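Peer 1: Just a sequence and a predicted model for now, questions to come.
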Amino acid sequence: MKRLALLVSAAALSCGLLAAPSMAEVVGEVGVDWIGNDIIVEAVADPEVKGVTCHVTYFDRSIIDRLKQGNWFEDPSNSSIACRQTGPIEIGDIDLTKDGEEVFRQGRSLIWKDLLVKRIYDKANDTLVYLAHSRQIVEGSAKMAISTVPLYGEEVTWTKGKP
């Protein structure tokens, strides 16, 4: 009984966290089969780089598929990303380390998995690199995708000065 109470509490907490506003806007939803599974396309604006938008796609399982498969709370780790200049580029205070910084995070299971987008600045090639990957608590995932936004030859405003 104690274990059930703990699971219910964790589920309630996670649902509350998942309900928090996201920086992403759903711009497309493509049905892929007769049981209601979809591919979702979201637009994600980089909060520290004005003028860059990433489009992230991921698989969204239907209720029928969840009931059929039995793993109710989990979605696949598959995702794709494409980032482009969508306006004048203005770069704020971004992380310039090789680890980069998180631009977007979305829960892909009740507790255990997140879809992340990280931005890394490639100084040698004057390019912003966006990496989409999933992070799992139990084990990592090798599924990832990248997109780049070259800054070379573009008019770019660095609010803190170009590194």
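Peer 2: Great, that's in hand.
Peer 1: which SS class is residue 25?
Peer 2: The three-state label given to residue 25 by DSSP: H, G, I helix; E, B strand; the rest coil is strand.
Peer 1: By mean pLDDT, which helix or strand of this structure comes out lowest?
Peer 2: helix 2-18 (a mean of 35; mean pLDDT, DSSP states H and E).
Peer 1: what's the burial count for residue 26?
Peer 2: 11 (other Cβ atoms under 10 Å). Bear in mind the C-beta positions are built from the backbone N, C-alpha and C, glycine included.
Peer 1: And residue 152, by the same measure?
Peer 2: Residue 152 has 8 nearby residues by other Cβ under 10 Å.
Peer 1: Going by residue numbers, what spans are helices in this structure?
Peer 2: Here the chain has its helices, by DSSP state H, at 2-18, 63-69.
Peer 1: mind showing which ranges of the chain have poor pLDDT?
Peer 2: Residues of the chain meeting the criterion pLDDT under 70: 1-22, 36, 61-77, 107-113, 135-142.
Peer 1: Tell me what residue 118 is bridged to.
Peer 2: Residue 118 forms beta bridges with residue 102, residue 131, as assigned by DSSP bridges.
Peer 1: Who are the contact partners of it?
Peer 2: Going by Cβ atoms under 8 Å, 6 or more residues apart in numbering, residue 118 touches 99, 100, 101, 102, 103, 130, 131, 133.
Peer 1: I figured residue 122 hits residue 146, correct?
Peer 2: No. Applying Cβ atoms under 8 Å as the test, residue 122 and residue 146 come out as separate, 10.9 Å apart.
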